[in-house]
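A.B. asks: Next come a sequence and a model predicted from it.
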Amino acid sequence: MTSTHIHIRPYQPSDEEQVVQLWHCCNLIVPWNNPRHDIWLKLQVQPDLFLVGTVNEEVVATVMVGYDGHRGWLNYLAVAPDRQRQGLGRCMVAAATAQLKQLGCPKLNVQIRASNAAVIDFYARLGFQRDDVVSMGLRL
C-alpha cells in the first residue's frame, strides 16, 4: 500500500477541470471521445458511481463505474502519473468493487486496449482474468 492518504468520494461538478486534465495526462482521451461530454453523460446515469480520489483536495485518481443489473464495468480509471505505483489505483478499484457489491453485482468487467500491456498486468495483479470473449462495438 501507500503512505499517501487518498480520500475517495463521488465526483462533484467543480472537479471537471482537474478530471479532464488528469485524463489527458494519463492518455485516456481518444479523438472519438469528448471527455466533458463523457462526464455529462455519466452524470445522467448513476452519478454516485463516478468516483474521484483526492489528496489534499487535488484530484489524483478517477474511476467511472457502471452497473446494468447484470454486470459492473470500470471506465476512466486514472491515477496521476507522479502518483502511480503507490497503491492508489488499487484503492480506486477496491472502492468501485465495494459499491458494486452493495448493489448485488455478481461480476465486474473491464475493457483494455490489447496494446496496453502495463494496464493488463495491473488488472491481473488485482485478480482479474481474461475472459474468452470477443468485445465488439457499434458507434452511435
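C.D. replies: On my side now, so go ahead.
A.B. asks: host element of Val93?
C.D. replies: helix 88-102 (DSSP states H and E).
A.B. asks: ok, and for that helix, which residues are buried?
C.D. replies: 88-89, 91-93, 95-97, 99-100 (16 or more other Cβ atoms under 10 Å). Yep, even glycine has a C-beta here, placed from its N, CA and C like the rest.
A.B. asks: Same question for stretch 68-75.
C.D. replies: 72-75.
A.B. asks: follow-up on the earlier one: please tabulate the buried residues of helix 88-102 in TSV, including the columns distance to Leu140 and pLDDT.
C.D. replies: As requested, the buried residues of helix 88-102 are exported to TSV (distance: Cβ to Cβ, whole Å; pLDDT from 0 to 100):
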residue	distance to Leu140	pLDDT
Leu88	33	96
Gly89	30	95
Cys91	33	96
Met92	28	97
Val93	28	97
Ala95	30	97
Ala96	25	97
Thr97	29	97
Gln99	27	96
Leu100	25	97
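A.B. asks: export the strand ranked longest in the chain as CSV, just CAs?
C.D. replies: Ordering each strand of the chain by length in residues (DSSP state E) puts strand 58-67 first. C-alpha atoms of strand 58-67 as CSV (Å, rounded to 0.1, in the frame of the first residue of the first chain):
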residue,chain,number,x,y,z
GLU,A,58,-6.2,17.7,-5.5
VAL,A,59,-7.9,15.1,-7.8
VAL,A,60,-5.3,12.5,-8.3
ALA,A,61,-7.4,9.5,-9.4
THR,A,62,-10.8,8.7,-11.0
VAL,A,63,-12.9,5.8,-11.9
MET,A,64,-16.3,5.7,-13.7
VAL,A,65,-18.3,2.7,-12.5
GLY,A,66,-21.4,1.3,-14.2
TYR,A,67,-23.9,-1.3,-13.3
